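Visitor: What would the 3D arrangement of this be:
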Amino acid sequence: MSEDIRDRVEQVLDKIRPAVMMDGGNIELVDVIEGVVSVRLLGACQGCPSSTATLQFGIEQALKDHIPEVERLIAV
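Guide: The predicted model follows:
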């Protein structure tokens, strides 16, 4: 994917990051390949039982709402 999409993903993550950080975690963009965004959960988010729901219903939805090219979000 182009740098433009990566930049737009980073902008969306920047808006989400403060809420994640309030819970003691963070999220790092790893890559964007053919509509699949790969992220790494850091801090308290690692191993948190709510992280799957946060990724799927929060972060992934926000990315799809703002960036139509995003098809899926995965944690690596």
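Visitor: contacting residues for Ser38?
Guide: Contacts for Ser38 were tallied using C-beta atoms under 8 Å, 6 or more residues apart in numbering; they are 29-32, 73-76. In short, each C-beta sits where N, CA and C put it, glycine included.
Visitor: The same query, at a cut-off of 7 Å, please.
Guide: 30-31, 74, 76 (C-beta atoms under 7 Å, 6 or more residues apart in numbering).
Visitor: Give me the helices and strands touching the helix of greatest length in the chain, please.
Guide: Longest helix in the chain by number of residues (criterion: DSSP state H): helix 3-22. Packing partners of helix 3-22 (3 or more C-beta pairs under 7 Å, 6 or more residues apart in numbering; DSSP states H and E): strand 25-33, helix 60-66.
Visitor: okay, the ones you listed in JSON lines with mean neighbour count and mean pLDDT next?
Guide: What follows is those, written out as JSON lines (neighbours: other C-beta atoms under 10 Å; pLDDT from 0 to 100):
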{"stretch": "strand 25-33", "mean neighbour count": "16", "mean pLDDT": "93"}
{"stretch": "helix 60-66", "mean neighbour count": "16", "mean pLDDT": "94"}
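Visitor: got those as TSV, with distance to Ala44 columns?
Guide: What follows is the helices and strands packed on helix 3-22, written out as TSV (distance: least, C-beta to C-beta, whole Å):
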stretch	distance to Ala44
strand 25-33	4
helix 60-66	19
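Visitor: follow-up on the earlier one: so the longest helix of the chain versus strand 25-33, what angle?
Guide: Per axes from the mean of the first three to the mean of the last three C-alpha atoms, to 10 degrees, the angle that helix 3-22 makes with strand 25-33 is 160 degrees.
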